[in-house]
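**Q** Fold the stuff below for me.
(one chain, ligands or ions: 1)
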Amino acid sequence: MIDHDVRANLERVRERIAGAADRTGRRATDILLVGVSKTVDITRIRQALDAGLPALGENRVQEARAKVAALGRPVPWHLVGHLQTNKVKEALELFDVIQSLDRLSLAEEIDRRARARGRTVDCLLEINVGNEPQKTGFTADEVGAALDRLAKLDCLRVRGLMAIPPVGTPDETRPWFRALRALGERHGLAELSMGMSADFEAAIEEGATIVRVGTAVFGPRPPR
Ligand SMILES: *Cc1c(COP(=O)(O)O)cnc(C)c1O
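**A** The predicted structure follows:
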């Protein structure tokens, strides 16, 4: 893919974000675009950064390691995939935000490692919004008790919620977005990470503050 395409893709995504924000009386500047760059090569990622992409997302520590080595951390890196407890130490060297906080034992390890590094880590609670057996994350019913426990960990800050709803058309996914928003409101959480290439406009209309967009920015994903 040539330079022009990534830039044009990014511009188009920005316009669509602005359109969706407009339709619901929101400001586009209140929505963070995280470019999910899994399997995307360094050249294309650099093109997106040069064109003003404000944040990057990866779902594997190992892949992020090579990319951070090549690109540094000119923008915040967000972890959006399942994190094994034994990779927390390295994840904290690479990522600014952990969007995929999906269990309490992981939170305890993040807190412990963050304290050793003298930092505080911004996290999102991953919600298994559709109660799908193959997915990790908290169920809506578990959030209250989890937040009580997490409030005791002072090197970890829960900024909001993240979800990957059951696969469907944007109209099928919309009720899940709405449910995530209601859950965030119930617990006083400001950030909502929801919406990907196929449905980020619906997510914004339902209150997303963070969208995670891969193919619409970088083009079709090559296989790993
Ligand atoms: C890959 C991925 C995305 C982006 O997916 P696209 O459909 O390419 O936009 C978003 N969120 C997570 C957690 C992902 O793994």
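**Q** element containing the residue nearest to Ser197 when sequence neighbours are not counted?
**A** Excluding its sequence neighbours, the residue lying closest to Ser197 (Cβ to Cβ, 6 or more residues apart in numbering) is Ala216, at 3.9 Å. C-beta: built from backbone N, CA, C; applies to glycine. Using DSSP states H and E, Ala216 sits in helix 215-218.
**Q** how about that helix: buried residues?
**A** Residues of helix 215-218 classed as buried: 216-218 (neighbour count, 16 or more other Cβ atoms under 10 Å).
**Q** And stretch 127-134, by the same measure?
**A** If you call a residue buried by 16+ other Cβ under 10 Å, then stretch 127-134 has these buried ones: 127-130.
**Q** Could you confirm whether stretch 45-54 reaches the ligand?
**A** No: contact of stretch 45-54 with the ligand (Cβ under 6 Å from any ligand atom) is absent, the minimum separation being 13.0 Å.
**Q** Buried residues, that stretch. List them.
**A** Under the neighbour-count criterion of 16+ other Cβ under 10 Å, stretch 45-54 has 45-49, 51, 53 buried.
**Q** Give me the pLDDT value at whatever residue of the chain ends up closest to the ligand.
**A** The chain approaches the ligand most closely through Gly214 (2.6 Å), counting by Cβ to the nearest ligand atom. If you check Gly214, the pLDDT there is 98.
**Q** quick one: contacts for it?
**A** Residues in contact with Gly214 (Cβ atoms under 8 Å, 6 or more residues apart in numbering) are 35-38, 40, 57, 196-197, 221.
**Q** do Glu206 as well
**A** Contacts for Glu206 (Cβ under 8 Å, 6+ apart) come out as 174, 177-178, 180-181, 194.
**Q** do Thr139 as well
**A** Neighbour list for Thr139: 127-128, 131 [criterion: Cβ under 8 Å, 6+ apart].
**Q** Ser193 too?
**A** By Cβ under 8 Å, 6+ apart, Ser193 lies in contact with 34, 80, 99, 124, 160-163, 208-212.
**Q** Please name the bridge partners of it.
**A** Residues in a beta bridge with Ser193, per DSSP bridges, are Met162, Ile210.
**Q** Distance check, the residue lying closest to Arg117 once chain neighbours are set aside against Lys67.
**A** Computed as Cβ to Cβ, 6+ apart, the closest residue to Arg117 that is not its neighbour in sequence is Leu92, at 6.0 Å. Distance check for Leu92 against Lys67: by Cβ to Cβ, to the nearest Å, it reads 16 Å.
**Q** what helix or strand does Arg65 sit in?
**A** helix 61-71.
**Q** likewise Pro175?
**A** helix 170-186.
**Q** Ok, Val6 next?
**A** helix 3-23.
**Q** average model confidence for stretch 191-208?
**A** In this model, stretch 191-208 carries a mean pLDDT of 98.
**Q** I'd like to know which residues of this structure are adjacent to the ligand.
**A** 36, 38, 59, 80-81, 164, 196-198, 212-216.
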